[in-house]
Structure formats: structure tokens, C-alpha cells
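**Q** Pasted the sequence and its predicted model underneath.
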Amino acid sequence: MQDLVSLREILRTPKKIVITTHAKPDADALGSSLALWAYLKKKGHDPKVITPTDYPSFLNWMNGNDEVIIYEDNVQLSEKLFQEAEVIFCLDFSALSRINELGDLVKNSSATKVLIDHHLEPEYFADFVFWDIKAAATAVLIYKLIIGLGDREYLDTCIGECIYAGIMTDTGSFRHPSTNKEVHMIIAELLNLAVDVSRIHRLIYDNNSESKLRFLGYALLEKLVVKRDLYAAYIAISEGDLKRFDSQTGDTEGLVNYALSIDGVVIAAVIIERPDSVKLSFRSKGDFSVNEFARKHFEGGGHLNAAGGKSNLNLEDTIKKFIDLLPAYKEQLYQNYKLEKSLC
Ligand code: 5GP
Ligand code: MN
């Protein structure tokens, strides 16, 4: 990582620090933020984690959760903390638009800004950029930052648990192509810190409400559409569907993977009607870049095989836009399908 010496110098004396991450934080976003928060606290700083929105309840077990400030619920306090901050860490997002109103607070702040991220094509708004698209998770970069700053002895079980959660979820439980040797080496170190990996897996994945599972059943039975000739599948969910199943933040996470798991499907989408716009989640197999697809057509981005975006059309027209785009990609989707099948 570049600039570690300068960052170490800045962090040599106690600082007022804000750590922020993308809207609707997932386990990597929140886990990275709380791991960094706990580390900086141990170092004698005054860090605060401010998230743009709330996050799924299956992340509430993380050390420091009770101290997280949700901007939407604490606008004045958040603005004050951003104004007072001497250092702002931006974790797990590459574009300021992903943190909603906090984007302007970051942009207008005179604090030293540090971006730590693994998404494709980041915006350059920070003074320090620790950016690695090959990193399996932002949590990997937080682990390497702590080691790089010479502070291995500050790692403990609580920090390790947050880092583990980020890596486990962003690698799809160690099955995505991002699961490299470095990932397993870091996990081995986390095991040395007595991280209970089985418990963390249960806390995140075996923590469903009944209504979330009923909703999953409904979505797969009634809403899943497979376009076999286009190597595509999608699930579209209306606001009414979300209300009917009392859907909570995080209840739609992972839905898109079911659509992608269908044999012959190379691109999958979940299209969700939210109050302000329609949100899209994309997943792909092989080399088909949903990052490019989301960036080009849905004001979004992400990774090669996992990306998201939004649409200001209504739900029906967004579905139509998605379907109408597919024929232009048919050959590319077919090539990826063929490649997947011909692997020995
Ligand atoms: P998910 O489908 O799980 O919400 O997101 C998949 C990946 O795409 C994540 O890495 C997420 O950070 C990124 N992503 C999701 N939505 C957006 C978006 O609207 N814009 C950008 N640039 N990235 C997104
Ligand atoms: Mn991530």
C-alpha cells in the first residue's frame, strides 16, 4: 500500500475521526468500519462510525454496533461530527453517490480523506487511496492496513470477528473467484485470534425471520422469470410485495443468487421497487461483466460478477428495459455459458 508512512504520521497523535460506508451497509461495509473503529479506539483516537442508512439486523452482533450513528436518524449530530472530523475514512464504496447526503459532507470537509475500497473504477476525491480490485473484501484491506501500520498486536477477537464477517460474505462463503491464497492466509491468522467462524456464519445466515423465508418462497414461486434463450433470469418485487411480507432491511439480500444458481443462467437480476427509485442487483457467471452492464445502463457499478444500479422508470418499465437490453448481449452470454460448461 502506498502512503502508509504519511498516514502513520497523521495517526501518530489522537484525532477526531469519522468512518463512513455505503448506504444499506452489508457485512463487509459494516464489518470493515467497526474493525477499523475498534482499532483506532485502541490507538487512542476518537472514531465514530456514521452510516447513511440503517442496515440488516443480522449484523447487530458486531462489536461497536451500539455506537453506530445512522445519519437518517441523527442528521444534526452527523453533520456536526463531519464538520469536526480531522480524518474521514470512506470504506467499501467507490463513488460519493453511494453514500447519499453524506457525499456532500465528505466533499465539503477539510479533513484528511482516506478511501479504502475494492470496487472497480473509483472516484478520486480522497487524499489517501488504498484501493485494490483484487482484494476479496474491504475487510482484507483493513486487515492489511493494520498490519502495514505495524500494529499487529492491536488485533483481537472482536476486530477479527468483524473482519471475518466481511471476508466470509464478500467471497460468498469462500467460493467466489476472489477467494485467493491471501484470503485463506488471513483467515488462518483470524483463527489464531480465536474467532469462532461457525458462530459468525450462524449469526449471519441462520438468523432468518419467518416472514423473510415466506417471502423467499413467494419470490421463487411467483416472481422468478427465466429467459432461457437469453441465459438470463430475474425476480421483480413491488412495494406491495415488500409490505405484504413486512420486509425488513436485508430481507432481499441474497435473493439474486437463487436466480443465478439456475443451470444455463449467466446473468441474473433482482429488481426492487423502492419509494424513491427502482433498485437493481446483478450477478453473473464467468467473464460477463455486470459492472459494465450496471454502469452503462443503470447508473451503477460494482464488481465483475456482482453489481448494482438504479432506475428512475417505474417497475414495469425497468423490467422491460432490462429484458430489451438482453438480446444485444446474447452472444456474449452464450460464450460464457459455453465456457462454463466446457471446463474440465
Ligand atoms: P448488491 O447487489 O449486493 O446490492 O451489490 C453488489 C455489488 O455492487 C456490491 O459490491 C455493491 O457495493 C455494488 N453496488 C450495488 N448497488 C450499486 C450502485 O447503485 N452503484 C454502484 N456503483 N455500485 C453498486
Ligand atoms: Mn465489499
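**A** Cool, the structure landed. Ligands and ions are numbered 1, 2, ... in the order given.
**Q** Run through who's touching stretch 118-134.
**A** 1-3, 6-7, 90, 92-96, 106-107, 112-117, 135-138, 140-141, 145, 178, 180, 291, 295, 301-304 (CB atoms under 8 Å, 6 or more residues apart in numbering). Heads up, the C-betas are built off the backbone N, CA and C, glycines and all.
**Q** Give the ChimeraX command for selecting the buried subset of those.
**A** Only the buried entries of the contacts of stretch 118-134 go into this ChimeraX selection, using 16 or more other CB atoms under 10 Å:
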select :1,7,90,92,93,94,95,96,106,112,113,114,115,116,117,135,136,137,138,140,141,145,178,291,295,301,302,303,304
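**Q** so which of the contacts of stretch 118-134 are also by ligand 1?
**A** Restricting the contacts of stretch 118-134 to those touching ligand 1 (CB under 6 Å from any ligand atom) yields 95, 301, 302, 303.
**Q** Narrow the residues you listed to those in strands?
**A** The strands, defined by DSSP state E, take in 301, 302 from these.
**Q** quick one: which helix or strand includes residue 31?
**A** Following DSSP states H and E, one finds residue 31 within helix 27-42.
**Q** which residues touch the next helix or strand after that helix?
**A** Per DSSP H and E, the first helix or strand lying C-terminal to helix 27-42 is strand 46-51. Identification of contacts with strand 46-51 by CB under 8 Å, 6+ apart yields 14-21, 23, 25, 29-30, 33-34, 36-37, 40-41, 64, 67-71, 78, 81-82, 102.
**Q** Spell out whether the helix holding residue 31 and ligand 1 are in contact.
**A** No. Counting by CB under 6 Å from any ligand atom, ligand 1 has no neighbours in helix 27-42; the shortest distance is 7.6 Å.
**Q** what secondary structure does residue 25 sit in?
**A** Secondary structure, DSSP: H, G, I helix; E, B strand; the rest coil: residue 25 is coil.
**Q** Now it: closest residue in space that isn't a chain neighbour?
**A** residue 55 (4.4 Å; CB to CB, 6 or more residues apart in numbering).
**Q** these two touch, right, that neighbour and residue 24?
**A** Yes. When contacts are counted by CB atoms under 8 Å, residue 55 is listed as touching residue 24 (6.4 Å).
**Q** So which of those two has more stuff around it?
**A** When residue 55 is set against residue 24 and neighbours are counted by other CB atoms under 10 Å, the residue ahead is residue 55, at 23 against 20.
**Q** hang on, the earlier thing: touching both of residue 55 and residue 24, which residues are there?
**A** 249, 250.
**Q** wait, what's in contact with residue 21?
**A** For residue 21, the contact set (CB under 8 Å, 6+ apart) comprises 29, 30, 32, 33, 49, 51, 90, 91, 92, 93, 99.
**Q** quick one: which helix or strand includes residue 194?
**A** Judged by DSSP H and E, residue 194 forms part of no helix or strand.
**Q** That one against residue 157, yeah?
**A** Yes. Between residue 194 and residue 157 there is a contact under CB under 8 Å: 5.1 Å.
**Q** More neighbours: these two, which one.
**A** Per other CB under 10 Å, whichever of residue 194 and residue 157 has more neighbours is residue 157, with 13 against 10.
**Q** for the stretch 1-150 of the chain, what spans make up the strands?
**A** Along the stretch 1-150 of the chain, the segments classed as strands by DSSP state E, counting those that start in this stretch run 16-21, 46-51, 69-70, 87-91, 112-117, 128-131.
**Q** Please name the spatially closest residue to residue 184 (chain neighbours excluded).
**A** For residue 184, ignoring the flanking residues on the chain, the nearest one in space by CB to CB, 6+ apart is residue 174 at 7.9 Å.
**Q** Residue 210: neighbour count?
**A** Using other CB under 10 Å, residue 210 has 9 neighbouring residues.
**Q** What's the separation between it and residue 183?
**A** To residue 183, residue 210 is 34 Å away according to CB to CB, to the nearest Å.
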